[in-house]
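K.L.:
everything below, folded, please.
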Amino acid sequence: MRPCRVSVSRRGSTLLFAVLALFCAAVADAAGQAQATTGVIRGVVRDPVGSPVAGAAVVIEHRATGFATTVVTGSNGAFVRTLLPLGVYDVTARAVGQFGDERTEGLVLRVGEVVDLVLEFRPVALADITVTADRTPLVDTEDSSSSHRLAEEVVDNLPNNGRNFLDYTLLT
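P.N.:
As a prediction, the model looks like this:
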């Protein structure tokens, strides 16, 4: 019995190598897509006239888990938050002392998606605030009686040489 010999030409081996390389690339790409389980939310925060707002806090909250993360805008008003789990998000921008909150709700983040936002603050109307209060005295100057009672355990643990109850009056 003679051994079987298979002869592969140079052209055939090149074709076989190309097919294997394409197969490996397709499998690697599919595996890479299977690993992508996050998304990105980015955007810019602007004031009512369209200028960027630096230092604004942007809170990004995942509705399903309640997970919230905060990013701060740069000098150009831009923010980026990467590696966010997929799902529905609510995004709130705050610039303390300048504007009211700006909120975007129900933002859906899908696999590998980059969501771009423009959050623009609205002007805040200022209102007059009137504060009225009654001043109650902290000390009652007309009643000199003591209204504080000590528990029996506290009295038992007080230091008293000779067990004379009149010595307790020295503590007041």
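K.L.:
nearest the middle, which residue of the chain would you pick?
P.N.:
Per CA atoms, centre = their mean, the C-alpha nearest to the average position across the chain is that of residue 69, at 2.2 Å.
K.L.:
now do the buried residues in the host helix or strand of that one.
P.N.:
Using DSSP states H and E, residue 69 sits in strand 68-72. Residues of strand 68-72 classed as buried: residue 71 (neighbour count, 16 or more other CB atoms under 10 Å). Heads up, the C-betas are built off the backbone N, CA and C, glycines and all.
K.L.:
give me the distance between the residue nearest to the centre of the chain and residue 105.
P.N.:
Separation of residue 69 from residue 105 (CB to CB, to the nearest Å) stands at 16 Å.
K.L.:
assign the residue nearest to residue 53 when sequence neighbours are not counted to helix, strand or coil.
P.N.:
Once flanking residues are discounted, residue 53 sits nearest to residue 45: 4.6 Å by CB to CB, 6 or more residues apart in numbering. Under the three-state scheme (DSSP: H, G, I helix; E, B strand; the rest coil), residue 45 adopts strand.
K.L.:
and if you look at the one 4 residues further on?
P.N.:
Per three-state DSSP, the secondary structure class of residue 49 is coil.
K.L.:
quick one: average pLDDT of stretch 69-86?
P.N.:
On average, the pLDDT along stretch 69-86 is 95.
K.L.:
how far does that stretch sit from the chain's center?
P.N.:
Relative to its parent chain, stretch 69-86 has a centroid offset of 11 Å by CA atoms, centre = their mean, to the nearest Å.
K.L.:
buried sites along that stretch?
P.N.:
71, 73, 77, 79, 81, 84, 86.
K.L.:
now these in JSON lines, with secondary structure?
P.N.:
Shown next, in JSON lines, are those (three-state DSSP):
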{"residue": "71", "secondary structure": "strand"}
{"residue": "73", "secondary structure": "coil"}
{"residue": "77", "secondary structure": "coil"}
{"residue": "79", "secondary structure": "strand"}
{"residue": "81", "secondary structure": "strand"}
{"residue": "84", "secondary structure": "strand"}
{"residue": "86", "secondary structure": "coil"}
